[in-house]
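J.: Have a look at this fold, sequence not included:
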């Protein structure tokens, strides 16, 4: 009749690709995380991690760093997105594009630029590792916070704000009780795109002051030591955090296009 | 309202200044003979000469671009086929596609890179020098974004066009090639562009899977900041400036094209309502 072709068969290569290069690596990670160097199964890797003050310190440090970075990003990105979306500035799309354009410039080059400037201002960056980490991460991830918040705010129906005003809300109340709640999906999407990289993107810190203490850097050091079991254990811990985060934030697929830098 | 607008302008420009000050200051110093920012310096094009004549740098840039193109082409083919397959599948299969596709999107890049390395290099024993782990790994990073960019376009398409093609005697494969693909082309193109930029920006997958003698811009820059070769360091300022200008031109071009499109749309709407 029509032959054996069906449109759904088109997806087979991609499905196989995902199974081999996404699912299989995760299974391997789980296997390595629960075995020791001689291949014996057990939870020794995790016991070592959770009883060693150094590694636990790293976990806490990266959570705090990610939290502070996310807050700082939010404090800068929200006003920027809000004022851009709510104002009557002409050529909004051009300004938005300028704000997210850094996404398309290689981040290592941008961090190089930041490092040169900070060095002039501060001298040796290693004297204030935490502050400089926050500055570096914020500089790197800010566009990923601005874009989803802007998109969400510009989608809000302006007449809702006018309705609030008509019903007697002053501008502050209209903002706090109407606009802010309606913009939350954008905030959540932005937070989930900043928090996780801030826990794992150790290269930013490495470049700024040649030394890092976050979860991502543990994977890097296990990798350099050819300790696949330790690296897998850290990866699995990060995966659990990612899963929890995704469940909490709700799985927003817009995130994907935002991270890809699509403003079109 | 007028006052409000000037506050808005101030905030917006303060944030833009924050974003661009480092890049612009570095761009300024890239045209001088200074070896660090803030030094008194004279105009010089030495950094640009070094950038374009040092073989090591040229090789690295060429390698990065070729890799990005190869990865983007592969990702675009896989992601587009995957989006079509998923769109025309039953809900259960569709859900499986979406969940699997979402894993690399939400996952930390360092975990993606590490897990690919373990699977391909440690378990399967594939040599990194074959470039296979690197290309496969970056494709994991990029293809899901092509999928996410193409999939919505399939939903916007009028399904009866495909049916019409079949009624007119096209085989399903021909109908997909000649009718569906052209309809979703904008999604495919923006997916391709996204894949290129993601590959260019990638550090983690590259560092865990690349051949030892091969460097992308990211891995090269990271190593250069650890090194002490001043002429390479300042040549990278020039590279940063060149990339900034290229991206800026592309963005301005895209913006102009889009506002032209919006203008004609507005004009058309007016004509319709008039």
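T.: Arrived safely, thanks for sending. Here the structure is a predicted model, which is why all the values come from computation and not from measurement.

J.: Which single residue in chain A comes nearest to chain B?
T.: Here chain A gets closest to chain B at one residue, residue A:11, 1.5 Å apart by Cβ to the nearest Cβ. C-beta: built from backbone N, CA, C; applies to glycine.

J.: Whichever helix in chain B runs longest close to chain A?
T.: Using DSSP state H to assign secondary structure, the helix with the most residues in chain B is helix B:230-273. Yes: Helix B:230-273 reaches chain A (Cβ under 8 Å from any Cβ of the partner chain) through B:236-237, B:239-240, B:243-244, B:247-248, B:250-251, B:254-255, B:258-259.

J.: The residue of chain A closest to chain B is in contact with residue B:85, isn't it?
T.: Yes: using Cβ atoms under 8 Å, residue A:11 makes contact with residue B:85 at a distance of 1.5 Å.

J.: which neighbours do those two share?
T.: residue B:97 (Cβ atoms under 8 Å, 6 or more residues apart in numbering or on different chains).

J.: part of a strand, is residue A:149?
T.: No: Residue A:149 is assigned helix when assessed by DSSP: H, G, I helix; E, B strand; the rest coil, not a strand.

J.: Contact partners for it?
T.: Counting by Cβ under 8 Å, 6+ apart, residue A:149 makes contact with A:77, A:78, A:81, A:82, A:183, A:186, A:187, A:190.

J.: Give me the subset of those residues that also touch chain B.
T.: Restricting these to those touching chain B (Cβ under 8 Å from any Cβ) yields residue A:77.

J.: so where's the chain shaky on pLDDT?
T.: I'll assume chain A. A:1-3, A:250-264 (pLDDT under 70).

J.: you looked at the wrong chain, it should be chain B
T.: In chain B, residues with pLDDT under 70: B:1-4, B:262-274.

J.: where do the helices sit along it?
T.: Remark: helices assigned in chain B by DSSP H are B:2-30, B:46-53, B:55-87, B:91-106, B:109-117, B:132-156, B:159-167, B:172-175, B:181-183, B:185-201, B:204-209, B:217-226, B:230-273.

J.: Let me have the ones you listed in a markdown table, extended by distance to residue B:124 and mean neighbour count.
T.: Putting these into a markdown table (distance: least, Cβ to Cβ, whole Å; neighbours: other Cβ atoms under 10 Å in any protein chain shown) gives the following:
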| stretch | distance to residue B:124 | mean neighbour count |
| --- | --- | --- |
| helix B:2-30 | 41 | 16 |
| helix B:46-53 | 38 | 16 |
| helix B:55-87 | 19 | 20 |
| helix B:91-106 | 19 | 17 |
| helix B:109-117 | 11 | 28 |
| helix B:132-156 | 9 | 24 |
| helix B:159-167 | 40 | 13 |
| helix B:172-175 | 33 | 16 |
| helix B:181-183 | 34 | 13 |
| helix B:185-201 | 22 | 22 |
| helix B:204-209 | 12 | 25 |
| helix B:217-226 | 23 | 20 |
| helix B:230-273 | 35 | 15 |
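
J.: As TSV, those with distance to residue A:198 would be great.
T.: As requested, the helices of chain B are exported to TSV (distance: least, Cβ to Cβ, whole Å):
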stretch	distance to residue A:198
helix B:2-30	18
helix B:46-53	32
helix B:55-87	25
helix B:91-106	14
helix B:109-117	12
helix B:132-156	19
helix B:159-167	43
helix B:172-175	47
helix B:181-183	39
helix B:185-201	16
helix B:204-209	14
helix B:217-226	18
helix B:230-273	23
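
J.: Those: which one's closest to residue A:40?
T.: For residue A:40, the closest of those is helix B:109-117, at 21.6 Å, according to Cβ to Cβ.

J.: what's the closest one packed up against?
T.: When contacts are defined as 3 or more Cβ pairs under 8 Å, 6 or more residues apart in numbering or on different chains; DSSP states H and E, helix B:109-117 packs onto helix A:24-33, helix A:180-200, helix A:215-224, helix A:228-249, helix B:132-156, helix B:204-209.

J.: Tell me which of these sits nearest to residue B:56.
T.: helix B:204-209 (17.0 Å).

J.: next one: that closest one to chain centre, how far?
T.: 16 Å (Cα atoms, centre = their mean, to the nearest Å).

J.: what sits up against it?
T.: Under Cβ under 8 Å, 6+ apart, the answer for helix B:204-209 is A:203, A:223, B:109-110, B:112-114, B:116-117, B:120-121, B:128, B:133-134, B:136-138, B:140-141, B:216, B:218-219, B:222.

J.: quick one: the top helix by length along chain A to helix B:2-30, angle?
T.: As assigned by DSSP H, the longest helix anywhere in chain A is helix A:53-86. In terms of direction (axes from the mean of the first three to the mean of the last three Cα atoms, to 10 degrees), helix A:53-86 departs from helix B:2-30 by 120 degrees.

J.: List the buried residues of helix A:53-86.
T.: A:55, A:58-59, A:61-63, A:65-66, A:68-70, A:72-74, A:76-86 (16 or more other Cβ atoms under 10 Å in any protein chain shown).

J.: Which element is encountered next along the chain beyond it?
T.: helix A:92-100 (DSSP states H and E).

J.: Surely residue B:133 is in contact with residue B:117?
T.: Yes: using Cβ under 8 Å as the test, residue B:133 is close enough to residue B:117 to be in contact (6.6 Å).

J.: need the contact list for residue 236.
T.: As the question left the chain open, I've gone with chain A. Applying Cβ under 8 Å, 6+ apart, we find residue A:236 in contact with A:29, A:30, A:33.

J.: Chain B, not that one
T.: Contacts of residue B:236 (Cβ under 8 Å, 6+ apart): A:109, A:112, B:51, B:221, B:224.

J.: on that earlier part again, do you know which of the helices of chain B lies nearest residue A:214?
T.: Per Cβ to Cβ, nearest to residue A:214 of the helices of chain B: helix B:109-117, 10.0 Å.
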